[in-house]
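Engineer: Attaching a predicted model along with its sequence, questions to come.
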Amino acid sequence: MELTAHLHVHALRSFSTDYFCISPSLQWASLHSATKCKGQISMTRPRNFMQSDTDFAILLTNKSKTETRNKTRLSPHAQSSEDRMSLSLTDKPERMLNIKKEDADDGEDSGYGELSVGPDHRSGYVAVVGKPNVGKSTLLNQMIGQKLSIVTDKPQTTRHRILGLCSAPDYQMVLYDTPGVIKKEMHKLDAMMMKNVHSATGNADCVLMVVDVCKVNDLFEEDGEDLKEKPPTLLLLNKKDLIKPGEIAKRMEWYEKFGEADHILPISAKYGHGVEDVKNWIVSKLPYGPAYYPKDIISEHPERFFVAEMVREKIFMQYRQEVPYACQVNVASYIVRPTSKDFIEIEIVVEKEPQKIILIGKEGKALKILATAARLDIEDFLQKQVYLEIKVKVKPNWRQDVDLLKRFGYSGAIRPY
């Protein structure tokens, strides 16, 4: 593979900055019939957050995948970027039954899916809470049956409150995967994430409290205090596959004696052990009523949100120490092109110049590896080829800038694109 590097001056408003671009020459291949684009072009307004910073961009394309899978279906609202308002993750939406009925009367398919339910149908909100790295995201992915939340071996990977939908003919669970509960808040970002955790539990019909069963008595002293007097709570002793059965019994005995949960279950989110028991408990606690969302979607977040999360996951997997935690990933532009590959522009914001240098690597090799890995996941998720451009920018102390954090989507709402 040949890499051609071009160094030229790139002007943004009144600023002039160096713009270093690496463009690999890769083979093009015809798209699979299942991945053809719609006959229209949609474009988001580019958001240049830090317009005076030096940009480093790496552009990647690749041949088409030989294997296709069923595309994750998001809400029809989530896929539109024009004139969207932020969707609150604090307030429950109205149940969708009447909306579907109005559209059905006109003989039109609104894209909401099947919403007709019987009198025994249950639906409600479920908050998944716990300390960092206890397996909350893995559990959410297992319950939904698809990967929505990014998963790494590093703590505090989840920053946003992820809304996932687990639906069946007789129930719908609106699951919130929340950031790991931390006691010491080091940045404004930490404070905003913890605020979202507390609002999620206050808004929930029931709570799943996840702990690492391998750690001794590790819950209520720090993160259980704020969850007392909350909705029905199920305590999940996760990672039971890593501990002997006798030890599990001892841990359960301790939590039954000192804990505040209504019920306790040992599970293995990684292997799906006990997940059906978790679903049965949740259904028993949910109120009767129709669905909040269409039954055939799994999230209200837009596709662009998941694209950014996939890039951030690869950052956590590839880099160490403070670099992953200092990175914010934004989708600056997303253009659907009917006659060529979709164009996606990613901005990675860091706090210090040395962090930017580490991200890029010598001659851009580290960023190229990151972009390649991210693009493969993005193409698998979107089921289409993409042309990916990644830029790295420096914004000092962005984790302490409240206004900027709100723009980045940490204010408790699904960020509009």
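Structural biologist: Received, thanks.
Engineer: what about residue 140, how many residues close to it?
Structural biologist: Counted with other CB atoms under 10 Å, residues neighbouring residue 140 total 28. For glycine as for every other residue, the C-beta is placed from the backbone atoms N, C-alpha and C.
Engineer: Does residue 237 fall in a helix, a strand, or a coil region?
Structural biologist: strand (DSSP: H, G, I helix; E, B strand; the rest coil).
Engineer: which residues in the stretch 151-300 of the chain form strands?
Structural biologist: 162-168, 171-177, 206-212, 233-238, 263-266 (DSSP state E, counting those that start in this stretch).
Engineer: Those strands: which one's closest to residue 408?
Structural biologist: Nearest of the strands of the stretch 151-300 of the chain to residue 408, taken as CB to CB: strand 162-168 at 15.2 Å.
Engineer: hang on, the earlier thing: for the strands of the stretch 151-300 of the chain, which one sits closest to residue 120?
Structural biologist: Here strand 171-177 is closest among the strands of the stretch 151-300 of the chain (CB to CB), at 9.3 Å.
Engineer: C-alpha coordinates for that closest one, PDB please?
Structural biologist: Taking Å, rounded to 0.1, in the frame of the first residue of the first chain, the C-alpha atoms of strand 171-177 are listed here in PDB:
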ATOM      1  CA  TYR A 171     -43.000  -5.900  27.100                       C
ATOM      2  CA  GLN A 172     -40.600  -3.100  26.300                       C
ATOM      3  CA  MET A 173     -37.600  -2.100  28.400                       C
ATOM      4  CA  VAL A 174     -36.000   1.200  27.900                       C
ATOM      5  CA  LEU A 175     -32.500   0.600  29.200                       C
ATOM      6  CA  TYR A 176     -30.100   3.300  30.300                       C
ATOM      7  CA  ASP A 177     -26.400   2.400  30.400                       C
END
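Engineer: just to revisit the earlier point, any chance of the strands of the stretch 151-300 of the chain in a markdown table, plus mean neighbour count?
Structural biologist: A markdown table is the format used below for those (neighbours: other CB atoms under 10 Å):
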| stretch | mean neighbour count |
| --- | --- |
| strand 162-168 | 21 |
| strand 171-177 | 24 |
| strand 206-212 | 25 |
| strand 233-238 | 24 |
| strand 263-266 | 18 |
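Engineer: Longest helix of the protein, counting residues only.
Structural biologist: Secondary structure of the chain per DSSP state H: the longest helix is helix 365-382.
Engineer: ok, back up a step: can you tell me which of the strands of the stretch 151-300 of the chain comes nearest to residue 380?
Structural biologist: strand 162-168 (18.2 Å).
Engineer: Now do the strands in the stretch 301-417 of the chain.
Structural biologist: Ranges of strands in the stretch 301-417 of the chain, per DSSP E, counting those that start in this stretch, are 328-335, 342-350, 386-394, 413-414.
Engineer: Residue 248 reaches residue 213, doesn't it?
Structural biologist: Yes: counting by CB atoms under 8 Å, residue 248 touches residue 213, with 6.2 Å between them.
Engineer: Identify the contacts common to these two.
Structural biologist: 237, 240, 266 (CB atoms under 8 Å, 6 or more residues apart in numbering).
Engineer: which one of these is nearest residue 142?
Structural biologist: Closest to residue 142, out of all of the shared contacts of residue 248 and residue 213 and judged by CB to CB, is residue 240, at 13.8 Å.
Engineer: how many neighbours does that closest one have?
Structural biologist: The tally of other residues near residue 240 (other CB under 10 Å) stands at 23.
Engineer: for the closest residue to it other than its chain neighbours, what are its contacts?
Structural biologist: Distances taken as CB to CB, 6 or more residues apart in numbering put residue 266 closest to residue 240, at 4.3 Å, once the chain neighbours are dropped. The contact partners of residue 266, by CB under 8 Å, 6+ apart, come to 213, 236-237, 240, 248, 252, 274.
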